[in-house]
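1. pasting the sequence and the predicted coordinates here, then a few questions.
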Amino acid sequence: MSAELTFVAPRRAKPSRHLADLSMAERRTAVAELGEKPFRADQLSRHYFERLTTDPSHMTDLPAASRDQLVTRLMPNLLTSVREITCDGGTTRKTLWRLFDGALVESVLMRYPDRVTMCVSSQAGCGMNCPFCATGQAGLTRNMSTAEIVEQVVAGARALARDEVPGGPGRVSNIVFMGMGEPLANYKAVIGAVRRIVDPAPEGLGISARGVTVSTVGLVPSINKLAAEGLPVTLAVSLHAPDDELRDTLVPINTRWKVGEVLDAAWNYAAVTKRRVSIEYALIKDINDHEWRADLLGRLLKGKLVHVNLIPLNPTPGSKWTASRPEDERAFVRRLESHGVAVTVRDTRGREIDGACGQLAAATPEA
Ligand code: SAH
């Protein structure tokens, strides 16, 4: 067959390069390659990370003739808002984003009296296949780039700075990698995003690393790598069961790394970073909420630098599972506390807009 007939137009495989993908040194090089003075990288960074703008007409410190090129080449639009749903009087808002290739992801902004938390996605879809999580049901579409992850935070920061979220102008204080995807399965892009989030302005957003939480199903080698990064972010481990038999079914990657190995990696993380590890445990009625399991969990966690976050199971389409009975939840908490383990029950913010843990599925909007 002739070459002409088999020619297929090349599909862009990756999102365009963006300022937020690059370190400050790389930004200077990129700017120089466009024929501009390297210090323009600092000016652009200030616009993006401090003033939260990508509008060339606001960039009056840049020569008018250069602005459009710099913005087009280094601040391409990566996320398009498809739909926004709010609840809690506008203080919880879930945004559905379309990426350059049509992939869909979601992020959630939650404003509390004392803080603003943004829950961001790190992958379109997820390959971990946990049966109780809506994201897992559709499988993995693709990894997100560093800038695609950062853009979710910048969009939230912008909305807050512009007084678009009830409660007056504000800032993002906490970031949780608990949206769509398994962050440690997209390690390099996620670490890049964490650096952009915590680096002081104008290199990054200047959000305290203490306010950043990376949540994982328990990819042991990546947890150990994260411990060595020197980034004091909080590690959250989605445990959901203290015994391998049940965890093999709830968090299928457990067939690769067992409860004991995951917890050892968590204790190593706590030892290296001096940060308390969060154990996430979705309470599922009659599945993992037995008192004997609370006891077993308590024995595993006793005396460690740890905190347990119990999450009443959020309903997902097609699942027969539901949240535990209130009395079983209370008994579970009491049992854990009897081992001296710190426990909180997470609120279910965003449930009514399918924006709570495990409900992000990026369904296409109804016509
Ligand atoms: N893949 C990562 C991060 C995304 S999920 C991880 O698994 O940690 C964020 C948290 O929500 C995880 O603890 C996850 O197990 C939990 N979760 C998933 N589905 C849920 C559901 N239906 N109800 C409550 N929590 C859920």
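-> Received, thanks. Numbers count the residues shown, from 1 in each chain.
2. what about the strand or helix carrying Ala271, near the ligand?
-> Here Ala271 sits within helix 259-273, counting by DSSP states H and E. No. Between helix 259-273 and the ligand, judged by C-beta under 6 Å from any ligand atom, nothing touches; the nearest distance is 11.3 Å. For glycine as for every other residue, the C-beta is placed from the backbone atoms N, C-alpha and C.
3. okay, angle between the next helix or strand after that helix and helix 259-273 too, please.
-> Next along the chain after helix 259-273, taking DSSP H and E as the criterion, comes strand 277-283. If you take axes from the mean of the first three to the mean of the last three C-alpha atoms, to 10 degrees, strand 277-283 sits at 140 degrees to helix 259-273.
4. tell me which element the residue in the chain positioned nearest to the ligand is part of?
-> Proximity of the chain to the ligand (C-beta to the nearest ligand atom) peaks at Gly358, 1.8 Å away. Using DSSP H and E, Gly358 sits in no helix or strand.
5. phi, psi of it?
-> phi 80, psi 0 (degrees, to the nearest 10).
6. wait, Asn77 touches Thr54, no?
-> Yes. In this structure, Asn77 is within contact of Thr54 by C-beta atoms under 8 Å, at 7.5 Å.
7. excluding residues flanking it in the chain, which one is nearest Leu297?
-> Closest residue in space to Leu297, ignoring its immediate chain neighbours: Pro242 at 4.1 Å, by C-beta to C-beta, 6 or more residues apart in numbering.
8. please tell me how far the one you found sits from Ala147.
-> Noted for Pro242: a distance of 39 Å to Ala147, by C-beta to C-beta, to the nearest Å.
9. and if you look at Thr135?
-> Going from Thr135 to Ala147 by C-beta to C-beta gives 21 Å.
10. which of the two has more neighbours?
-> Per other C-beta atoms under 10 Å, whichever of Thr135 and Ala147 has more neighbours is Thr135, with 28 against 25.
11. right, and the secondary structure at the more buried one would be what?
-> Three-state assignment for Thr135 (DSSP: H, G, I helix; E, B strand; the rest coil): helix.
12. what does the model give it for pLDDT?
-> Each residue has a pLDDT score; the one for Thr135 is 90.
13. from here on, call the first residue 21.
-> That works, and once the first residue is 21, the last one we named lands at Thr155.
14. surely it is in contact with Asp374?
-> No. The pair Thr155 / Asp374 is not scored as a contact, 11.1 Å apart, by C-beta under 8 Å.
15. shared neighbours of the two, anything?
-> Overlap of the contact sets of Thr155 and Asp374 (by C-beta atoms under 8 Å, 6 or more residues apart in numbering) consists of 380-381.
16. residues contacting the residue positioned nearest the centre of the chain?
-> Taking C-alpha atoms, centre = their mean, the centroid of the chain lies closest to Phe197, which sits 2.1 Å from it. By C-beta under 8 Å, 6+ apart, the contact list for Phe197 reads 140, 142, 203, 210, 232-235.
17. again with Gly360
-> Shown in contact with Gly360 (C-beta under 8 Å, 6+ apart): 322-323.
18. gap between it and Ile299?
-> Separation of Gly360 from Ile299 (C-beta to C-beta): 14 Å.
19. what residues are bridge-paired with the residue nearest to the centre of the chain?
-> Counting by DSSP bridges, Phe197 forms beta bridges with Val234.
20. per-residue pLDDT of it, please?
-> pLDDT recorded at Phe197 is 98.
21. same thing with Asp121?
-> Here the pLDDT value assigned to Asp121 is 96.
22. and it, how many neighbours?
-> With other C-beta under 10 Å as criterion, Asp121 counts 13.
23. that one should be in a helix, yeah?
-> No. Assessed with three-state DSSP, Asp121 is coil; it does not lie in a helix.
24. quick check: Gly226 touching Arg216?
-> No. When contacts are counted by C-beta under 8 Å, Gly226 is not listed as touching Arg216 (10.1 Å).
25. quick check: neighbours shared by these two?
-> Common contacts of Gly226 and Arg216 (C-beta under 8 Å, 6+ apart): Phe69.
26. what bits of the protein have low per-residue confidence?
-> In the predicted model of the chain, residues 21-32, 383-387 satisfy pLDDT under 70.
27. show me which residues of it sit near the ligand.
-> Residues of the chain lying close to the ligand by C-beta under 6 Å from any ligand atom are 148, 152-153, 198, 202, 235-237, 258, 300, 302, 331, 333-334, 336, 377-378.
28. any idea which element Asn265 lies in?
-> No, residue 265 isn't Asn; it's Glu. Using DSSP H and E, Glu265 falls within helix 264-270.
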